[in-house]
Structures are given as C-alpha cells and as structure tokens.
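*Asks:* requesting a structural model of the entry that follows:
(one chain, ligands or ions: 1)
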Amino acid sequence: MKFWRERERESKEQILAPLCGQVRVLIVGDSGVGKTSLVHLINKGSSIHRPSQTIGCTVGVKHITYGSPASSSSSIQGDAERDFFVELWDVSGHERYKDCRSLFYSQINGVIFVHDLSQRRTKTSLQKWASEVAATGTFSAPLPSGGPGGLPVPYIVVGNKADIAAKEGTKGSSGNLVDAARHWVEKQGLLSSSEELPLFESFPGNSGLIAAAKETRYDKEALNKFFRMLIRRRYFSDEQPAASPWSISPHRTSSSQRLDDEITSDDDQFYKRTSFHGDPYKYNNNTLPPLPAQRNLTPPPTLFPQQPVSTPDNYAIPRFSLSSETSNNGSGRSKRMDINV
Ligand SMILES: Nc1nc2c(ncn2[C@@H]2O[C@H](COP(=O)(O)OP(=O)(O)OP(=O)(O)O)[C@@H](O)[C@H]2O)c(=O)[nH]1
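*Replies:* I've put the predicted structure just below:
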C-alpha cells in the first residue's frame with residue numbers, strides 16, 4: 001500500500017514538475033527612439049532616467065506565467081500555469097553597429113519595432129529595419145509567409161514620444177522641413193505607402209513612455225497579449241494560420257485610438273490586426289519583396305523540456321487546455337493577465 005502511495009506521489013510530482021520556456025523578442029528602431037526606455041518600462045514598470053546609449057545589444061528578461069488556470073474541471077493541476085521567459089533583445093540603433101548587429105538576429109520569435117512620433121523619418125526607416133532583420137536573421141516558429149520586408153514572425157509597432165509630438169503639434173511629423181515635405185507628399189498620395197510599416201501611432205496611449213510610466217498608464221495588456229501569442233505559437237500550437245495573414249487588407253487607425261481598441265479577445269486576431277493595421281500598407285504578394293526561404297531551425301534551448309517526459313496517455317496537453325479557453329467565448333481571454341510589467 002505504501003509502495004502504491006509512493007508511486008502515486010511520484011507520478012503527481014512528475015505531472016506538476018515545473019515547465020519552462022522562452023521566447024526571444026527583438027527590439028529594433030533608429031537610435032534614440034526609446035527602445036531601452038521601453039524595455040525598462042516593460043520590466044520594471046517605471047521610466048528610466050537618461051538611459052545610456054546601448055552598446056551593441058542588451059538583453060532584458062521578463063517573466064510571464066502562462067496557462068489556463070480555470071480552463072476546465074478535467075484539466076490537471078500541472079497544466080494550469082507555466083513559467084516563461086521573454087527575452088527582450090534591445091539592439092542599438094546606432095549606425096556604428098550596422099555591420100555587426102545581425103549577430104543578434106538569432107532565433108527570433110517576434111519583433112517590436114519602435115519609432116519616434118516626433119521624428120517621422122524614424123517611422124519610415126522601420127521598413128529598412130524589417131528588411132534587414134528578415135534578410136539576416138534566423139527565426140523560431142516562422143510563419144508560412146513573410147510580412148514587411150519578408151519578416152516571417154509576428155511583430156508589433158510602438159510609436160513613442162507622443163508627448164513631444166503632441167506638444168509641438170506635430171504628431172506624425174517632426175516639424176522639420178524634410179518631414180513637412182514628406183508629409184505633404186504623402187498627403188498628395190505621391191509617396192508609395194508601401195515604404196512604411198503599418199503602425200499604431202498611439203502606443204502607449206496619447207503620451208510617451210516616460211509619461212506613461214509615471215502614470216503607470218501604458219498598454220500592458222497589448223504587450224502581454226503579444227508575448228503570450230508568441231509563447232502560444234512556439235509552445236502550444238503546431239498550427240499555422242491557414243491563409244496568409246499578410247494579405248489581410250489593413251485600414252487606417254485614428255491616431256488617438258488606443259491599441260486596446262484594436263484588440264479582440266482572440267490572440268490570433270490581435271496578432272493579425274496589430275501587425276497589419278495602420279497606414280495603407282498593401283499586404284499582397286505584388287508589393288512585397290520575394291519571400292525568403294522558410295527557416296525551420298531548431299528552437300532555442302529551454303531550461304526544461306516543453307512537455308513532461310512521462311505523461312499519462314490521457315494527459316491533456318496544453319494545446320487542448322488553451323483551445324478550450326479559446327472556445328470560452330473570449331471571456332477568460334479578454335481578462336487582464338496578472339503579470340508585472
Ligand atoms: N520625451 C520623451 N523622451 C523619451 C521617451 N522615451 C524615451 N525618451 C528619451 O529618449 C532618449 C533615447 O532613449 P533610449 O531609450 O536610450 O533610446 P534607444 O532607442 O534605446 O537608443 P539607442 O540605444 O541609441 O538605440 C532618452 O533621453 C530617453 O529619456 C518618451 O516617451 N518621451
């Protein structure tokens with residue numbers, strides 16, 4: 001009897017064994033747009049005073065628990081919550097690292113593009129960043145077709161320093177002559193819209209990161225959803241979107257609209273909408289450069305195996321728990337996650 005109890009306890013422990021994983025998120029954009037400030041805000045929940053210029057690349061790690069605690073009565077406890085680490089690779093935007101920064105574009109699960117709302121050219125150059133990452137990077141869990149510049153992983157665009165842009169009354173333009181001219185040309189429809197990435201201009205709300213951090217007001221949920229979606233893509237799903245998401249026709253979002261407004265309760269929907277909204281960027285294969293060969297590389301190492309080694313035959317793998325959450329009419333999913341950002 002004692003023997004069986006012991007065996008039972010052991011098998012329970014195996015089921016409850018901590019499972020861990022990691023996703024890698026690249027943060028790119030021109031020098032000074034606020035990438036380091038964003039990472040600090042994500043990790044510490046506060047603004048950073050005078051961040052020094054990033055040398056090469058710095059990596060911040062954010063801890064997230066992910067799972068479906070109340071998914072179903074039949075789910076076993078070990079399936080409830082798991083630990084994940086989101087690696088935030090903050091790549092210096094300075095030109096001096098241009099030739100070597102692709103060293104850091106390795107095994108990427110997702111990308112955060114950052115631009116400065118008061119410097120319009122920083123927005124335009126996101127397209128170059130996307131092409132550079134797509135051309136020289138390697139990717140984990142790549143999409144079946146490429147996005148801007150051929151980028152084969154989900155991304156999100158953060159428009160920062162809205163406080164300055166708003167103050168100067170130049171939201172979307174720095175007020176300098178080049179930007180003003182560009183703005184005018186765009187308005188006339190003379191500039192190809194495909195030169196820029198689709199954007200949400202309003203992150204994090206109508207203010208910049210610093211103000212947002214001070215007031216603890218920025219769109220944590222949007223970022224969390226993005227991170228969770230990356231985790232889910234890598235660890236809980238082997239399904240890829242059926243149709244090419246890149247062909248979804250985007251539509252313009254109001255600059256005062258919060259990112260929240262764009263998010264539905266479904267993470268995939270969020271992913272599609274987040275990635276393809278904003279400027280009238282045409283996502284069809286005619287306007288995009290040729291797709292790069294898919295890179296199905298070995299995923300980055302994790303601290304723990306992705307699934308328990310000894311699982312009972314009827315073990316509900318995470319995918320099932322999550323899909324039951326999906327079918328939960330969104331009620332569970334639209335809830336804010338208890339994550340310290
Ligand atoms: N006004 C304002 N300033 C900001 C905001 N976010 C960041 N900054 C400032 O912008 C400057 C550059 O910020 P960083 O976070 O170092 O920019 P970065 O993109 O990491 O720059 P690199 O390391 O050169 O690639 C710093 O002086 C920040 O304090 C914001 O929302 N509003």
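
*Asks:* what is the end-to-end distance of stretch 103-116?
*Replies:* One end of stretch 103-116 to the other measures 25 Å (C-alpha to C-alpha, to the nearest Å).

*Asks:* so for it, mean pLDDT?
*Replies:* Stretch 103-116 carries an average pLDDT of 95.

*Asks:* give the buried residues for it.
*Replies:* By neighbour count on 16 or more other C-beta atoms under 10 Å, the buried set for stretch 103-116 is 104-116. Every C-beta, even on glycine, is put in place using the N, C-alpha and C of the backbone.

*Asks:* need phi/psi at the closest residue to residue 233 other than its chain neighbours.
*Replies:* Leaving aside its sequence neighbours, residue 233 sits nearest to residue 141 (C-beta to C-beta, 6 or more residues apart in numbering; 5.2 Å). When read as degrees, to the nearest 10, the backbone of residue 141 gives phi 50, psi 60.

*Asks:* residue 141: neighbouring residues, count only.
*Replies:* 23 (other C-beta atoms under 10 Å).

*Asks:* how close does it sit to residue 232?
*Replies:* Distance of residue 141 to residue 232, computed by C-beta to C-beta, to the nearest Å: 10 Å.

*Asks:* about what we covered before: farthest pair in the buried residues of stretch 103-116?
*Replies:* 107 and 116 (28.1 Å; C-beta to C-beta).

*Asks:* show me where the stretch 51-200 of the chain has strands.
*Replies:* For the stretch 51-200 of the chain, applying DSSP state E, counting those that start in this stretch gives strands covering 57-67, 81-91, 110-116, 155-160.

*Asks:* quick one: closest of these to the ligand.
*Replies:* strand 155-160 (4.9 Å; C-beta to the nearest ligand atom).

*Asks:* stretch 36-56 close to the ligand?
*Replies:* Yes: for stretch 36-56, a contact with the ligand is found by C-beta under 6 Å from any ligand atom, at 36, 37, 50, 51, 53, 54.

*Asks:* surely the residue nearest to residue 233 is in contact with residue 231?
*Replies:* No: Residue 141 is beyond contact range of residue 231, at 10.2 Å (criterion: C-beta atoms under 8 Å).

*Asks:* what residues sit buried inside stretch 137-152?
*Replies:* 137, 139-143, 145-152.

*Asks:* if you could redo that for stretch 82-95, that was the one I meant.
*Replies:* For stretch 82-95, a neighbour-count test (16+ other C-beta under 10 Å) marks 82, 83, 84, 85, 86, 87, 88, 89, 90, 91, 92, 93 as buried.

*Asks:* from memory the first one sits against residue 63, does it?
*Replies:* No: in this structure, residue 82 sits apart from residue 63 without contact. The criterion is C-beta under 8 Å, and the distance is 11.1 Å.

*Asks:* report whether stretch 101-110 contacts the ligand.
*Replies:* No: judged by C-beta under 6 Å from any ligand atom, stretch 101-110 and the ligand are separated, with a smallest distance of 10.1 Å.

*Asks:* give the contact list for residue 133.
*Replies:* Applying C-beta atoms under 8 Å, 6 or more residues apart in numbering to residue 133 gives the contacts 26, 28, 105, 108, 111, 149, 151.
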